[in-house]
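Participant: Below are the sequence and a predicted model for it; my questions follow.
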Amino acid sequence: MAAVDLSPPPATGGFRLLLVEDEPDFSAILAALFVDEGYHVDVAGDGHRGLHLGLTHSYDVIVLDRGLPAIEGLDLMGRWRRHGVTTPVLVLSARGTAADRVAGLDAGAEDYLAKPFDVDELLARLRALRRRHLDAARMLPVGGYRLDLDTREVSAAADHAGAGTEPVRLSERECGLLATLAGRPGQIFSRADLLTGVFTEAESPIVVDTYVHYLRRKLGRGIVDTVRGRGYRLGRNPRR
C-alpha cells in the first residue's frame, strides 16, 4: 500500500484532499487510492479533527463520511460553510436513499456518492469537482478589487474602476498570500498558518510579515488587517 503523505504539498504541483472517514481500514484504502491519483492527502478520523483541518488548511476537494464520531458529517459541513470554507465537498456515505442525497446537497455538498461505489466513478467525480472549483476560483473578489489567479493581476472591480486605473501585477508569493486571505475573508490566519499554507519553503515567520508589507505597499495598507496577537486577515477597507 502506498504511503500517505500528510505533510503540506510543495509550492507547485499536486492537489490537496481532506478525507474525513472514521473506519480505519476503509480510510487507509481510500487514502492510498487518492495518493496514487496524485493527491496530497490529510486524514481525519472524527468530526473534531475534520473541523480543525478544514478550518486551518486549504484543500482542493474534501471527501466526507456522514456517520462520524463527535460531529456528524452534515453538521460538520455546515460549520465549515458558516466559517467561509468554500472547498467543494463530496459526501461518500452508506446512506444512499434519494432523501439522504437531497439532504446532503441541501446542506452544502457539491456531490453525493453512496457506498458501495465504483472507484473510477469516484475519481471522475473528484476531477470534475476540482475543475469546477478551479474555474470559479480564478477570479477572487478582494473588496473593491478582483484578483486574477492566472495573470496574478489585481484590478479594480467594475463598479470601482475609473479612468487611468491600471492592474497591479503581483509576484507568485504575493498572489498566493492574497488568494489565501481572500479565499476565507472572515478568517484570521496566524503566521504559522500562512507559513505552512503559502510559504512552504520558508523557515521563519518573518517572511509572512515581509510579504504583508509588500502587498500593502502595492495595494494600500487596508488590503490586509493585523489582528493583534493572532495574525492577519483580508482587509475590510482595502482602499484605505
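Facilitator: Structure's in. What do you need? Numbers count the residues shown, from 1 in each chain.

Participant: following the worst-scoring helix or strand of the chain on mean pLDDT, which helix or strand comes up?
Facilitator: Averaged element by element with mean pLDDT, DSSP states H and E, the chain has its least confident helix or strand at strand 139-142 (a mean of 63). Remark: after strand 139-142, the chain's next helix or strand is strand 145-148, criterion DSSP states H and E.

Participant: gap between the residue most central in space within the chain and His48?
Facilitator: The chain has Ser58 as the residue nearest its centroid, 3.2 Å off, counting by Cα atoms, centre = their mean. When distance is defined by Cβ to Cβ, to the nearest Å, Ser58 is 19 Å away from His48. (Each C-beta comes from the backbone N, C-alpha and C, glycine too.)

Participant: and if you look at Gly229?
Facilitator: 25 Å.

Participant: Give me the more crowded residue out of the two.
Facilitator: Neighbours per residue (other Cβ atoms under 10 Å) separate Gly229 from His48, with His48 holding more: 14 against 6.

Participant: For that one, which non-adjacent residue is closest in space?
Facilitator: Closest residue in space to His48, ignoring its immediate chain neighbours: Ala70 at 4.5 Å, by Cβ to Cβ, 6 or more residues apart in numbering.

Participant: do Phe15 as well
Facilitator: Asp60 (4.2 Å).

Participant: Please list all residues in contact with the nearest residue to Gly45 once chain neighbours are set aside.
Facilitator: Spatially, and ignoring its direct neighbours in sequence, Gly45 is nearest to Asp22 (5.3 Å; Cβ to Cβ, 6+ apart). By Cβ atoms under 8 Å, 6 or more residues apart in numbering, the contact set of Asp22 is Gly45, Asp46, Asp65, Gly67, Leu68, Pro69.
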